[in-house]
Structures are given as structure tokens and as C-alpha cells.
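What would the 3D arrangement of this be:
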Amino acid sequence: MNQKNPIEFIDPLMVKFFLDAEKKALEGVDKFQSEVRCAAFCELLYERKYITNTMTRQKTMSDFAKSRYGISISKALYSSKTNNRAKHKTQKVQGLIPLKNCF
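Residues are numbered from 1 along each chain as shown. Alright, predicted model coming up:
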């Protein structure tokens, strides 16, 4: 099976904004340091309609993260991790800016 180009997950009108947000989210690190932070970022991308909406929300976010960042986020998307993802979205975690500030 051919892997989809990760940029194809992004709404074409949002690619520039996505790249800017990604750069800010990764500022100070080589790549996402944890599955939870990556999952929180992908969740924000989906909620803000950067990632094209599909019927399979979690699979789409997981496929995007795997193809773009090489990280499996499926376990980090479990409902039991909701509070951890929310912290990354709204608070400074491990010296990294809140993800909401990347958009």
C-alpha cells in the first residue's frame, strides 16, 4: 500500500498556515518529543479544519502523524489521555509553548 503524502491530508488553502503552525509547535526541538504532544497538535489541526475532515477522525489523525512525523499516536488519542492532550494545548509543558499559541 502506498503511503499518502502528509501534505495531502491538509486542506490546500491551509498549507501555508499549517507549515507556520508546525514550525512554532516544533520550535526548540527536532521533532515532537512525545506522542501526547503530537496527538494534541494533530487534534488541533483537525478541530481547526487544517486536516480535511473525514468520517474516521482518529484514523485520519493517526495516519497523518505516522506519515508526517513517524509517530504512532493512536494510544495518545484514547479518551483517558484527554487531560494530557489538553495540557499541551493550553499550558506550557516541558518548556514548550502551548500549542494553541502556534495558530
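
what's next to the host helix or strand of residue 37, contact-wise?
Residue 37 belongs to helix 35-47 when assigned by DSSP states H and E. For helix 35-47, the surrounding residues in contact (Cβ atoms under 8 Å, 6 or more residues apart in numbering) are 10, 18, 21-22, 25, 32, 51, 53, 57, 60-61, 64-65, 69, 71-73, 75-77, 81, 84-86, 88-89, 93, 96, 99-100, 102-103. All C-beta atoms are positioned from the backbone trio N, CA, C, and that covers glycine.

try stretch 81-99
Contacts of stretch 81-99 (Cβ under 8 Å, 6+ apart): 24-25, 27-29, 33, 36-37, 39-41, 43-44, 75-77, 100.

per-residue pLDDT, the residue nearest the centre of the chain?
Ranked by distance to the mean C-alpha position of the chain (Cα atoms, centre = their mean), the top residue is residue 42 at 2.1 Å. In this model, residue 42 is scored at 96, pLDDT.

how close does residue 85 get to residue 28?
For residue 85, the distance to residue 28 equals 20 Å [Cβ to Cβ, to the nearest Å].

Neighbour count: the two, which is higher?
residue 85 (23 against 11; other Cβ atoms under 10 Å).

Surely that one is within a helix?
Yes - assessed by DSSP: H, G, I helix; E, B strand; the rest coil, residue 85 belongs to a helix.

which one is it nearest to, not counting chain neighbours?
Leaving aside its sequence neighbours, residue 85 sits nearest to residue 40 (Cβ to Cβ, 6 or more residues apart in numbering; 4.0 Å).

all helices for this protein, in order.
Taking DSSP state H, the helices of the chain run over residues 15-25, 35-47, 57-69, 82-90.

winner for burial among those?
When you average the neighbours per residue for each of these (mean count of other Cβ atoms under 10 Å), helix 35-47 leads with a mean of 23.

Run through this protein and note the low-pLDDT ranges.
Scanning the chain for pLDDT under 70 picks out the ranges 1-3.
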